[in-house]
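In: Sequence and predicted structure below; questions after.
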Amino acid sequence: MTTNDPRAFAITEEALRFIAGGVIALTAVVLALTLVVIVHHIVTDRQRRRNRSRFETASMLLAPHLVNNSPSLDDAVSVARGKAGDRAVGLVLRRARYDLKGPIVDRITEILVSTGEVKKLLTEAKSRRDWRRAGAVRGLGECGGAQAREALIAAAADDVSSEVRRAAREGLLSDGAQEAVHAAVRSFIADLPRRSGWRRSFYARLAGVAPDQLTELIRSGELKGAEEKLAIEALGDAGRPVALVLAMERIGSAEAEMRATAVRVIGKVATDREVPVVIEALNDPEWFVRAAAARSIEWMATLNAATTHHNWQQDACEKLVKHMTDSSWWVRANAARALSRCGNAGVQMLLIASQSQDRYARDAAIAALATAPLQPEVRLEIKKRIDALIEQSQPSIPAPRPKELFA
Amino acid sequence: MATAQNRKKRPVIVAESNFLSARLMMASLQSIGFSVVVARNGDEVVRLIGAYRCELLILNMNFGRPSGLELLRLLKVRQETIPVMVITAVGQAEMKAAAGAMGVRAFFDLPFVPEELCKRVTELVGAP
């Protein structure tokens, strides 16, 4: 077949028509889909705005009655339901139960039961869809009360979805009743979440709601290795005094990571009495224990700044300054930061270190001085001295750039 | 010495991105006579501090963007002298230490009892 053959042109024309038809059809489909997406976006956006507006209306109507636990709260709820709808009022009450403490919490639960919010969530918690069940179970946790608790205990133990079981545990911890916390702990142990963040979050909430049960769990030996450390750290983060007891028991552990955990926990909950233990940990053979000890001294100096007499600061400063030349940069940096929190004595030592021949100590000292909580005039004076130092020693000091740090 | 009327003109700023939490704190403080303004982002905080001679900034450390810590840093750079009370959830010891390092000395935990919030604020800035 040659190009002069008319049949060749006929076939090509047919093919072209076919392609053109396909392109037009595809364009039409794309345009139709784009239109659907735009309409969907507009509708959902409008719905989202309306929901937000309803939530805000309900919040404004109910907040003054909630904070005062006012006798007219029930009337206010009726008015808010009329203006903003049941869904918005339910959300506001559940959220308020999360934000507030005291007798109002039980009253909110009663209202949530009487308005049918709990019943609605109990129905949703039987849905075949996992995401819907998880949402309902979370909602039930925010509602509290016996009915919700029963459903949550069943979900935490038996639900087929791990997400729903996790949501149920969160709900049980929000509830806070002893029976609920016990069920949450049993479910957690039987079904340890794979992500450490989820486990950490559970311990943190348990430490906040039921520190005694968490302590019991640690002492029972059911938590091994990393779990035990996470649990003790959670108690320390929550500022529970029992964390100090547990940490002091483990400070001499043969396991270096456990020693580091213990030192960190002591830094968060200790008083002046435990300072020598932390200072002693600065001599640990493991760098990360020394780094944790330096960090703990920083926390103790910061968290207890208003209450302690800081008799220990001079001693700590002398030990910390030696670690400005530690073989680990992490320890050097933490030691410098801790010095910057140890008042005038620490700042003076950092100033000396900032003129050191040791480049690492000098850099760590300058970086720590830049973030030290100083009076503006002291800060300006130090900035001048550092600038002068840099001018003298250029170009031998490569980093950090103090002019930027002190900007 | 500030008169009662003058004091009323100096509001407390509640920096909280959650609408309901902000309303609950606002209603608590208003119930004992404080004047309260709510800031829902960092720009609003800076603008309100500039616009009013505020008594106190109540700052939730989980403020969103910028974070509470970034906002504290910004205030420090701007050399704002407003007293700050930081609100944290239970279990945020490191967050408290970081705020303490920025010069914050007053802390308050969530969830809260409204009366305790009022008492704490009154301790810090005096009765309204």
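Out: Looks like it came in fine. Numbering: from 1, shown residues only, chains lettered A, B, ... in the order given.

In: Residues of chain B that sit close to chain A?
Out: Taking Cβ under 8 Å from any Cβ of the partner chain as the contact definition, chain B meets chain A at B:18-21, B:23-24, B:26-28, B:30-31, B:77, B:79, B:89-94, B:96-97, B:100-103, B:105, B:110-114. Glycine gets a C-beta too; all of them are placed from N, C-alpha and C.

In: Let's see which of the residues you listed end up in helices.
Out: Of those, the ones assigned to helices by DSSP state H are B:19-21, B:23-24, B:26-28, B:30, B:77, B:93-94, B:96-97, B:100-101, B:114.

In: A:Ala336 contacts A:Thr371, correct?
Out: No - if you go by Cβ atoms under 8 Å, A:Ala336 and A:Thr371 don't touch, sitting 9.6 Å apart.

In: ok, the two, which is more surrounded?
Out: Set A:Ala336 next to A:Thr371 and count neighbours by other Cβ atoms under 10 Å in any protein chain shown: A:Ala336 wins out with 31 against 17.

In: got the angle for the longest helix seen in chain A vs helix B:19-30?
Out: Secondary structure of chain A per DSSP H: the longest helix is helix A:6-67. Here helix A:6-67 runs at 20 degrees with respect to helix B:19-30, directions being taken by axes from the mean of the first three to the mean of the last three Cα atoms, to 10 degrees.

In: ok, back up a step: of the ones in helices among the residues of chain B next to chain A, just the buried ones, PyMOL syntax please.
Out: Burial among these is assessed by 16 or more other Cβ atoms under 10 Å in any protein chain shown; the matching PyMOL selection reads:
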select buried, chain B and resi 19+20+21+23+24+26+27+28+30+93+94+96+97+100+101+114
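
In: In this structure B:Gln79 contacts A:Arg379, no?
Out: No - contact criterion Cβ under 8 Å: B:Gln79 and A:Arg379 do not qualify, at 10.1 Å.

In: Among the two, which residue is more densely surrounded?
Out: A:Arg379 (15 against 7).

In: any idea how far A:Leu369 is from that one?
Out: Distance of A:Arg379 to A:Leu369, computed by Cβ to Cβ, to the nearest Å: 9 Å.

In: Name the nearest residue to residue 112, sequence neighbours excluded.
Out: Reading this off chain A. Nearest residue to A:Leu112 in three dimensions, chain neighbours excluded: A:Cys143, at 4.6 Å (Cβ to Cβ, 6 or more residues apart in numbering or on different chains).

In: Not quite, go with chain B.
Out: Closest to B:Phe112 by Cβ to Cβ, 6+ apart is A:Lys101, at 6.2 Å.

In: middle-most residue in chain B, spatially?
Out: Residue closest to the average C-alpha location in chain B (Cα atoms, centre = their mean): B:Ile58, at 0.9 Å.

In: helix, strand or coil for that one?
Out: strand (DSSP: H, G, I helix; E, B strand; the rest coil).

In: is it true that A:Ile111 touches A:Ala96?
Out: No - judged on Cβ under 8 Å, A:Ile111 makes no contact with A:Ala96 at a distance of 10.2 Å.

In: Those two: who's more crowded?
Out: Neighbour count, other Cβ under 10 Å: between A:Ile111 and A:Ala96, A:Ala96 has more, with 23 against 19.

In: Against chain B, how distant is that one?
Out: 6 Å (Cβ to the nearest Cβ, to the nearest Å).

In: so how many other residues sit close to B:Phe108?
Out: The burial count for B:Phe108: 18, using other Cβ under 10 Å.

In: ok, it - contacts?
Out: Taking Cβ atoms under 8 Å, 6 or more residues apart in numbering or on different chains, we find B:Phe108 in contact with B:58, B:85-88, B:116-117, B:120.

In: Give the buried subset of those residues as a ChimeraX selection command.
Out: Here is the ChimeraX selection string for the buried members of the contacts of B:Phe108, based on 16+ other Cβ under 10 Å:
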select /B:58,85,86,87,88,117,120
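
In: Since that was my last question, I'll sign off now.
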